[in-house]
Structures are given as C-alpha cells and as structure tokens.
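Peer 1: any chance you can model this:
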Amino acid sequence: MFTHEGLQLREWTEADVPALSALFDEPEMARWTPLASPFDEAAARAYLIRARERRAAGQALQLAITTDGHTPMGEVLLFTAADDGSQVELAYGIGAPYRGRGLATRAVRLLLPYAFHHASVRRAVLRIAPDNAASAAVARATGFQLTDEPPVVRESDGRVVRLRTWELRRGD
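Peer 2: As a prediction, the model looks like this:
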C-alpha cells in the first residue's frame, strides 16, 4: 500500500467489484478510457482478473485510490511502456462523485517515486486525448511536459483515439 498526501493506494479486492463497476460504468470513463462500456459487475470481475495477471507478470500495477484505505474513489495505473524497461506509463481515472478533489494529481505524485525506482527507468509518460482538459491539468500539476511526438493511436471497442504524449524524465 502507498500512503501520502491524504491518500491510500491499495490493490483491488474481490469485495471491490460492485464499487469498481459503479466507478467505471459512466459516460466520462467510457469517453476517455479503453474500458468496456457498459462496465457491469461481470466486466469488473474480468478487469480485476486481468489486473492480477498483469501484476503477477510484472507488467502493471493497478491500484484503487482511497482516502480511508477502504472506499475506492478511482484508480491509478503504472505499466511498462518500453521493452528495454526505460519507460513507464501512468494512467488514472476518478469516479464521477469524487472528481475535483485533486485525487488524480495526488495519486500520480504518490506513485512517481515508485515508477522511477528501477535504475533503468528514465522516463514516465501519460497518454492523453487532446481535448481531455482535466487529464492535461493533472499532467501539468505533476510536472509532466507535452512532447512533440506524433500521436499514439489506440483502438478500443471499435473506437480509434489519438493520444498526445506527456513526459517526465528522471531528475525533473
């Protein structure tokens, strides 16, 4: 568990399935993330299984964002973004009732030291849609800089999105 700035980041549990579904089954999550929509409890269970598999394989860390160690308010993710281990990617999503409280900014700040704990990691990135003002604000607040790299194209549920890359380099 990661604790600081009034947050507790923890692993998702089976007991979180209803809360996970409630957080992620809403229009803004569907708009800005590659999550299934609708995101019912079956989707939440599948998501939880995949998160555990990715964690066990050393590919990703997906943590519930809480202020009390119990009630999930969102999620912050950290995953490998380069085969040589030099780059990690972070992502986040905050449930509608909890937005506007600085949770994503604090969660990214809390996870960044861990993101850079491997000596080979030189850069952390965020991939953000150009019109996602809230996520861009989180990027700026946590010290990320917009790059001039070509957009990263990702497809999810038949939808193609072009994401801009924001970066934070070790030592920045």
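Peer 1: so which residues of this protein form strands?
Peer 2: 2-4, 7-11, 60-66, 74-80, 87-94, 123-128, 145-146, 152-156, 159-169 (DSSP state E).
Peer 1: show me what counts as buried in the longest helix along the chain.
Peer 2: Ranked by residue count, the top helix of the chain under DSSP state H comes out as helix 41-56. Using 16 or more other CB atoms under 10 Å as the burial criterion, the residues of helix 41-56 that qualify are 43-44, 47-48, 51, 54-55. Yep, even glycine has a C-beta here, placed from its N, CA and C like the rest.
Peer 1: quick one: which of those residues is nearest to Leu61?
Peer 2: Closest approach to Leu61 among these (CB to CB): Arg55, at 6.2 Å.
Peer 1: residue contacts, the closest one?
Peer 2: Arg55 sits next to 11, 61-62 when contact means CB atoms under 8 Å, 6 or more residues apart in numbering.
Peer 1: buried subset of these, written for PyMOL?
Peer 2: Filtering these down to the buried ones (16+ other CB under 10 Å) takes a single PyMOL command:
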select buried, resi 61+62
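Peer 1: looking at the contacts of Arg55, which is nearest Glu26?
Peer 2: Nearest to Glu26 among the contacts of Arg55, with distances taken as CB to CB, is Gln62, at 18.3 Å.
Peer 1: partner residues bridging Gly93?
Peer 2: In this entry, Gly93 is beta-bridged to Glu75, by DSSP bridges.
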